[in-house]
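*Asks:* Provide a 3D model corresponding to the input given below.
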Amino acid sequence: MKIPKIFGKRNSSEQDELRALEKMENMVIQQEATLHPKFKTLSDFINKTPSANFISAGDIADVNGWWVKLSIDIDHPLAWNVVQEYAHVLNELSLSERLPTVFKPVSPPPYMNGGPRDFLSWVIECPVSDQPPGTIMKWLESRLPNPVDAASSWEDMEE
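*Replies:* Sure, this is the predicted structure:
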């Protein structure tokens, strides 16, 4: 993710936000270079899903949980199907079968960067340690269209 240069004078809060974004960009680059093996199966699965691309992952130290960040190409014809399926499985599978995960959109300040095509991302958060990323991948794999990387599997859902 490249942070665009903004011309003109900036107030101190804008400068602080830019510094924070630059730090985050460096952390993401560093994170990608040192991806923990526990995220491999989930990151591979995300990359097979139409319109989705794995960005980064990490641990939530204070609760022994983890998070995964991904992008979804909003111009892809199946983008909203992917959002709907991920949201259903990760947020509200059923009243008796809820996963300890949250799937949500995240974005840096749009007024400083741009619109959703370039700066809207999605995060899967799991605040518990007893549901590793591989287990969540298996839940997604068992409930999303199969095969997940075949557009025709997703298109059948529209009928």
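
*Asks:* For the rest of this, base every contact and every neighbour count on C-alpha atoms.
*Replies:* Will do.

*Asks:* Report the helix or strand with the lowest average pLDDT across this structure.
*Replies:* helix 12-33 (a mean of 59; mean pLDDT, DSSP states H and E).

*Asks:* Now the element after it, going C-ward?
*Replies:* Scanning forward in sequence from helix 12-33 by DSSP states H and E, the next helix or strand is helix 40-48.

*Asks:* elements contacting that next one?
*Replies:* Under the contact definition 3 or more C-alpha pairs under 8 Å, 6 or more residues apart in numbering; DSSP states H and E, helix 40-48 sits against strand 52-60, helix 133-143.

*Asks:* Make CSV out of these and add distance to residue 124, mean neighbour count and mean pLDDT.
*Replies:* Shown next, in CSV, are these (distance: least, C-alpha to C-alpha, whole Å; neighbours: other C-alpha atoms under 10 Å; pLDDT from 0 to 100):
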stretch, distance to residue 124, mean neighbour count, mean pLDDT
strand 52-60, 9, 20, 93
helix 133-143, 10, 17, 95
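
*Asks:* Out of the ones you listed, which gets nearest to residue 42?
*Replies:* Closest to residue 42 of the helices and strands packed on helix 40-48 is helix 133-143 (C-alpha to C-alpha; 5.1 Å).

*Asks:* how far out from the middle of the chain is the closest one?
*Replies:* Taking C-alpha atoms, centre = their mean, to the nearest Å, the mean C-alpha location of helix 133-143 is offset from the chain mean by 15 Å.

*Asks:* Could I get the CA-only coordinates of the helix or strand that that helix is followed by as CSV?
*Replies:* Using DSSP H and E, the helix or strand that follows helix 133-143 in sequence is helix 151-155. Extracted C-alpha coordinates of helix 151-155, given in CSV (Å, rounded to 0.1, in the frame of the first residue of the first chain):
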residue,chain,number,x,y,z
ALA,A,151,-16.6,-18.7,-10.5
SER,A,152,-19.4,-21.0,-11.6
SER,A,153,-19.8,-22.3,-8.0
TRP,A,154,-20.5,-18.7,-6.9
GLU,A,155,-22.8,-17.8,-9.8
